[in-house]
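A.B. asks: Take this sequence and fold it.
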Amino acid sequence: MIGDTYYPYIQVSIDPKITTIVGANESGKSHLLSAIEKAISGKDIERSDFCRYSPFFTVKHNELKYPDFGSEWADLKKPEQDSLRKIIPEIHRNTIIENFFIFRNNVDSLTIYLPEKGEYTPYPINEKQVIELYKLLPKTFRIESSIALPSSVPIKKLVQLGQENYLGGTKFELLDREQRSKIVDALDVFSDNPELITKVRVYGNENKEEIDHEAVTSIKSIISSLDEVILSPKEKERREKEFNLAYKLICKIAKVDANALLDLAKAIKVSRHSYRKRLPISSIDLQCVGVARRKHYLLVLL
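C.D. replies: This is a model prediction of the structure:
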């Protein structure tokens, strides 16, 4: 109750062991995902998010209000507890922080509640504290269910996606495995038949070099692979989305540093097998596996 008015709300408890939510159409999966995103980030909160029966929904001048979001965070590790204490220095040093609540009022007004001595102590936080709090909270990622991980992704492409000003990748290094295979197959034609280009024929009394039709076909295949002319605009868009998905999983979620990927690319280029085994590949694998084990992710299938 707020004053004499009933405050309608919906409480959703998510078990820490749940990683995937499935359901029929219109069963609320999208609403759940949206609520989680808005509770964490505060972005895209709209007045239409109000419960349709809420008495707080109004069109009256100077009384427009946005719905509130609350979230509970538990199972805090020691570094997370320390970070929260830095954000809110007023927390008593003897207070045990096992869980805390965030209440988001009218989009941007945040208050943290800590259970202390059987009661909830409110700690309103300012804009600077909010920025630090966002660093502590998990990030949300939307993954299109129709976009799958690519069978392979060029290392330099991952670096390019992570570094806007990166200019170190050649055209060939940014091609995917399928495109490279087509180029290699085309070059094999010349390896098996070097005379396709160097062939000399006699026209009248003159010797002229002639490019064989098979050589022209192979060269066109190489050019088309480099220029991606074989892909339709829709296929190119889908391909970029697949690469972006791989980038998010490897560099954003697993937090693999782009410089480590560059080291791996260099090692592959100069055939430094010992270095490839010692650092880049093994470390990247362990980093991905380690993050997957330590972090809990909730997947909502739309």
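A.B. asks: so what's F69 bridging to?
C.D. replies: R104 (DSSP bridges).
A.B. asks: who's in contact with it?
C.D. replies: F69 makes contacts with A35, K38, A39, G42, I45, F103, R104, as judged by Cβ atoms under 8 Å, 6 or more residues apart in numbering. C-betas here are computed from N, CA, C, even on glycine.
A.B. asks: how about 7 Å then?
C.D. replies: F69 sits next to K38, A39, R104 when contact means Cβ atoms under 7 Å, 6 or more residues apart in numbering.
A.B. asks: Give me the pLDDT value at it.
C.D. replies: F69 carries a pLDDT value of 88.
A.B. asks: ok, now L114?
C.D. replies: 92.
A.B. asks: In a strand, it, correct?
C.D. replies: Yes: according to DSSP: H, G, I helix; E, B strand; the rest coil, L114 belongs to a strand.
A.B. asks: What is the burial count for it?
C.D. replies: Neighbourhood size, L114 [other Cβ atoms under 10 Å]: 21.
A.B. asks: In this structure, which residue is most central in space?
C.D. replies: Centroid-nearest residue in the chain, with Cα atoms, centre = their mean: K248, separated by 3.1 Å.
A.B. asks: Would you check how far apart the spatially closest residue to that residue that is not a sequence neighbour and D75 are?
C.D. replies: Computed as Cβ to Cβ, 6 or more residues apart in numbering, the closest residue to K248 that is not its neighbour in sequence is F141, at 6.0 Å. Distance, F141 to D75, by Cβ to Cβ, to the nearest Å: 21 Å.
A.B. asks: Check I45 too.
C.D. replies: The value you get for I45 to D75, if Cβ to Cβ is used, is 26 Å.
A.B. asks: Least confident secondary structure element in the protein?
C.D. replies: helix 273-278 (a mean of 44; mean pLDDT, DSSP states H and E).
A.B. asks: Surely L149 and N244 touch.
C.D. replies: No: L149 is not in contact with N244 according to Cβ atoms under 7 Å; the separation is 10.8 Å.
A.B. asks: of these two, who's got more company?
C.D. replies: Taking other Cβ under 10 Å, L149 and N244 do not tie; N244 has more neighbours (17 against 13).
A.B. asks: helix or strand for the more buried one, which one?
C.D. replies: For N244, the host element (DSSP states H and E) is helix 233-247.
A.B. asks: tell me the average confidence for that helix?
C.D. replies: Across helix 233-247, the average pLDDT comes to 84.
A.B. asks: Could you name the helices and strands sitting against it?
C.D. replies: Packed against helix 233-247 by the contact rule (3 or more Cβ pairs under 7 Å, 6 or more residues apart in numbering; DSSP states H and E) you find helix 155-162.
A.B. asks: How far off centre is the helix it packs on?
C.D. replies: Centroid displacement of helix 155-162 relative to its chain, using Cα atoms, centre = their mean, to the nearest Å, is 13 Å.
A.B. asks: okay, that helix in PDB with CA atoms only?
C.D. replies: What follows is helix 155-162, C-alpha atoms only, in PDB (Å, rounded to 0.1, in the frame of the first residue of the first chain):
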ATOM      1  CA  ILE A 155      40.900 -13.900 -36.100                       C
ATOM      2  CA  LYS A 156      41.500 -10.500 -37.700                       C
ATOM      3  CA  LYS A 157      37.800 -10.100 -38.100                       C
ATOM      4  CA  LEU A 158      37.300 -10.500 -34.300                       C
ATOM      5  CA  VAL A 159      40.000  -7.900 -33.800                       C
ATOM      6  CA  GLN A 160      38.400  -5.600 -36.300                       C
ATOM      7  CA  LEU A 161      35.000  -5.800 -34.600                       C
ATOM      8  CA  GLY A 162      36.600  -4.900 -31.200                       C
END
